[in-house]
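Chemist: Mind looking at a prediction? Sequence and model below.
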Amino acid sequence: MVQENGYSARRFLSAEACLNALAGARFRLAIIDYLLPGMNGLALIKRIRETIPGIKTILLTGVSNDQEIRTLAKVQGIDHYLKKPLDLSLFYDIVQSACPEGKTAGEGRRAAELDIAGGNLLIGASVPMKNVKELITRLARVDANLLITGDTGTGKEIAARSIHQHSARKHNAFIPVNCASLPEGLLESELFGHEKGAFTNAVQAKKGMFELADKGTLFLDEIGDMNPHLQAKVLRAIQERKIWRVGGTAEISVDVRIISATHRDLEKMVAEGSFREDLYYRLNVVKIRMPRLAERKDDMPLFVEYIKTKYNRNNPGVLMKTITPEAMESLCGYAWPGNVRELENVLLEAFILSRDGEIKASDLPIKLENKAYANAGTNSLPSLEEYQEKFRRGYVIELLRKYKGNVTLCAQHAKINRASFHKILYHYDIDQSKFKK
């Protein structure tokens with residue numbers, strides 16, 4: 001939204017992702033939603049200010065009864081508190097006030113940096129991703145429950161957010177819940193809320209995610225990890241459009257669109273009896289399958305450019321420059337079981353190992369090089385000496401990764417003395433300090 005008005009923005013899907021990107025960053029303004037996975041917006045702003053003192057803050061909330069949140073925001077010194085749906089005129093006035101030189105005005109002028117927790121970014125121009133984007137556009141217009149499947153790291157939550165943001169419910173809340181990250185008792189309370197005194201430490205009544213998502217979208221991530229008891233309660237909520245808080249007796253009407261996601265084979269789980277068949281068909285009105293990165297090799301340059309741009313924005317003093325054609329070929333030849341998350345980790349580590357900011361094939365992990373050799377024809381194979389050198393360097397790098405740059409432990413593992421290991425590091429121009437965390 002702010003990007004369309006000339007500002008440079010970073011988007012994060014969770015509090016953890018935001019905090020991980022703060023080191024060395026120069027953000028001027030943080031726009032934070034109160035409801036975030038893993039941490040509420042007030043706690044996140046406190047952590048951000050510890051790293052970036054003086055940053056301006058806007059707290060957003062779609063919670064209807066927000067007096068307590070408003071009071072806590074005032075006590076914590078939040079610069080601006082806005083209710084959703086936003087008054088866009090007021091919102092942009094605040095952004096302009098916080099970042100008066102934020103809009104791009106020509107060559108050499110830096111844009112203000114904004115951090116939006118909870119964004120949407122579907123990268124890809126390959127045929128599989130074009131199909132996904134077209135399906136998302138069509139499904140956003142209807143109000144049916146959806147099931148998104150795909151491996152971990154394929155962007156299931158990003159797809160769910162995109163559907164919500166293009167739907168008639170876009171001005172109301174998008175509430176994500178990870179069903180695998182919470183214990184059974186806590187998950188039930190998170191989903192349905194609880195009354196005061198319902199259990200130990202329930203000192204006041206609390207709305208659940210179904211209530212907070214009223215008129216909006218509830219995203220149930222890793223629905224396949226939900227236990228049978230909660231499956232029954234979710235089914236009842238979908239069928240009757242009503243819920244009961246834990247420890248409560250009054251029924252509460254809710255109008256919620258449910259988008260669920262899983263990396264599991266729910267049809268197999270239904271056949272085995274570990275997932276309710278009736279709930280499966282209620283959730284799976286329409287299915288979207290997110291393709292693996294290995295199926296989207298045409299998108300590899302786009303992902304590399306995105307990761308490079310993101311890194312350089314947060315680390316302007318040490319720029320990631322380019323990636324050689326040979327390195328790109330190695331990236332395209334690998335299966336990427338960890339999908340985009342694995343790609344980002346590999347590129348950042350390769351950049352750390354690079355001598356001049358240019359990522360070469362020799363900077364990549366040995367697992368990528370071995371895969372490239374396996375796929376290559378005999379004419380592309382290196383000499384035995386070249387292969388041994390690549391393997392030796394890759395072996396040393398893997399040791400440094402494993403032991404976080406501790407030369408003593410690396411030498412012990414390799415069964416050589418420290419002096420010999422230091423000579424190897426000097427030979428390959430590897431700085432072990434880059435691996436210390």
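Modeler: Happy to help now that I have it.
Chemist: quick one: contacts for residue 61?
Modeler: Applying CB atoms under 8 Å, 6 or more residues apart in numbering, we find residue 61 in contact with 33-35, 41, 69, 81-84. In this view, the C-beta of every residue, glycine as well, is placed from N, C-alpha and C.
Chemist: quick one: which of these sit in strands?
Modeler: 33, 81-83 (DSSP state E).
Chemist: one step back: which one of the contacts of residue 61 is nearest residue 237?
Modeler: Residue 237 has its nearest neighbour among those in residue 35, at 18.6 Å by CB to CB.
Chemist: Just to check, residue 10 is in contact with residue 27?
Modeler: Yes. Counting by CB atoms under 8 Å, residue 10 does reach residue 27; the two are 7.4 Å apart.
Chemist: Quick check: the nearest residue to residue 171 once chain neighbours are set aside vs residue 21, distance?
Modeler: Closest residue to residue 171 apart from its sequence neighbours, by CB to CB, 6 or more residues apart in numbering: residue 85 at 3.9 Å. Residue 85 is 28 Å from residue 21, where distance means CB to CB, to the nearest Å.
Chemist: again with residue 149
Modeler: For residue 149, the distance to residue 21 - CB to CB - is 28 Å.
Chemist: re earlier: in PyMOL, select just the buried ones from the ones in strands among the contacts of residue 61.
Modeler: Of the ones in strands among the contacts of residue 61, the buried ones go into a single PyMOL selection, burial set by 16 or more other CB atoms under 10 Å:
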select buried, resi 33+81
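Chemist: okay if I get the ones in strands among the contacts of residue 61 as CSV plus pLDDT and distance to residue 247?
Modeler: Output for these, formatted as CSV (pLDDT from 0 to 100; distance: CB to CB, whole Å):
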residue, pLDDT, distance to residue 247
33, 88, 28
81, 88, 31
82, 87, 33
83, 85, 29
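Chemist: Need the ones in strands among the contacts of residue 61 in JSON lines (columns: distance to residue 196).
Modeler: Formatted as JSON lines, these follow (distance: CB to CB, whole Å):
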{"residue": "33", "distance to residue 196": "26"}
{"residue": "81", "distance to residue 196": "26"}
{"residue": "82", "distance to residue 196": "29"}
{"residue": "83", "distance to residue 196": "25"}
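Chemist: quick one: buried residues of the top helix by length along the chain?
Modeler: Looking across the chain with DSSP state H, the single longest helix is helix 384-402. Buried residues in helix 384-402, counting neighbours by 16+ other CB under 10 Å, are found at 390, 393-394, 396-397, 399-400.
Chemist: any idea how the chain splits into domains?
Modeler: The chain breaks down into these domains under automatic domain parsing: 3-117, 127-291, 296-435.
Chemist: between residue 85 and residue 21, who's got more neighbours?
Modeler: Set residue 85 next to residue 21 and count neighbours by other CB atoms under 10 Å: residue 21 wins out with 17 against 10.
Chemist: check contacts around the closest residue to residue 257 other than its chain neighbours.
Modeler: Distances taken as CB to CB, 6+ apart place residue 217 nearest to residue 257, at 4.8 Å, with adjacent residues excluded. Applying CB under 8 Å, 6+ apart, we find residue 217 in contact with 160, 163-164, 167, 169, 172-175, 256-259.
Chemist: out of those residues, who's nearest residue 137?
Modeler: Relative to residue 137, the closest of the contacts of residue 217 is residue 163; by CB to CB it sits at 9.1 Å.
Chemist: distance of that closest one from residue 293?
Modeler: On the measure of CB to CB, residue 163 and residue 293 end up 21 Å apart.
Chemist: repeat for residue 309
Modeler: 18 Å.
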